[in-house]
Structure formats: C-alpha cells, structure tokens
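Asker: Only the shape, not the letters, is given here:
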C-alpha cells in the first residue's frame, strides 16, 4: 500500500507554504483523500497527476472552479429575472385594476 502524503510533505514537494495548500483545498483546487480533524492526507498518485498542472490563477483546476462559480451565478441571475418578471406582471395588473376602478 502506498504511503499517503501529509500537508507538510505536499508543501515541501511543491515548494509552497502549508497556507497555500490550505487555500487550494478551500478553493477546491486539490482534494485530500483522507480528512481527519487536524490531519489531511494526499494520495501520491493523485499528486503525480497534478504535478504536470500548475496551480496558478489560470490553471485547468482554477478554470474548473471558476466555471462552477459562473454557473452558480448564472442560475441565481435567472431566478432573479423570473422574480422581476413576476413582480412586473403584478405591478402592471395592479395599475390596470386601479385605472379600471377610476
């Protein structure tokens, strides 16, 4: 069985700080295979796959995260547009009824 890497080992491997590793985990750029309070472990095979990918602002992993975020905001915008359209219809109907009463 392969030896799992710790966060400090991974930071050393990629020559970055542990805080950078934590940020990448939080942003969904990398995923530990084992997450226990106070301990995270990473599969060497998974890390080997990522070794060819730079974890920079425009890396494939960052693009994937940004695409998920974009989809989230698009969905929110569509829901808001539906709400505005319904509200517009209610306002128009209310104005029509008030004019009819007058």
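Answerer: Yep, that arrived. Treat the numbers as computed from the prediction; the structure is a model and nothing was measured.

Asker: and the most centrally placed residue in the chain, what pLDDT?
Answerer: Residue closest to the average C-alpha location in the chain (CA atoms, centre = their mean): residue 65, at 4.6 Å. Residue 65 carries a pLDDT score of 81 in this model.

Asker: same question, residue 52
Answerer: Predicted confidence (pLDDT) for residue 52: 74.

Asker: Kindly report the same for residue 11.
Answerer: As predicted, residue 11 sits at a pLDDT of 93.

Asker: The one 5 residues further on too?
Answerer: Per-residue confidence at residue 16 stands at 92 (pLDDT).

Asker: distance of it from residue 35?
Answerer: Distance, residue 16 to residue 35, by CB to CB, to the nearest Å: 19 Å. Every C-beta, even on glycine, is put in place using the N, C-alpha and C of the backbone.

Asker: returning to what we had before: how many neighbours does the residue lying closest to the residue nearest to the centre of the chain once chain neighbours are set aside have?
Answerer: In this structure, residue 65 finds its nearest non-sequential neighbour in residue 28, 5.2 Å apart by CB to CB, 6 or more residues apart in numbering. By other CB atoms under 10 Å, the residues close to residue 28 number 13.
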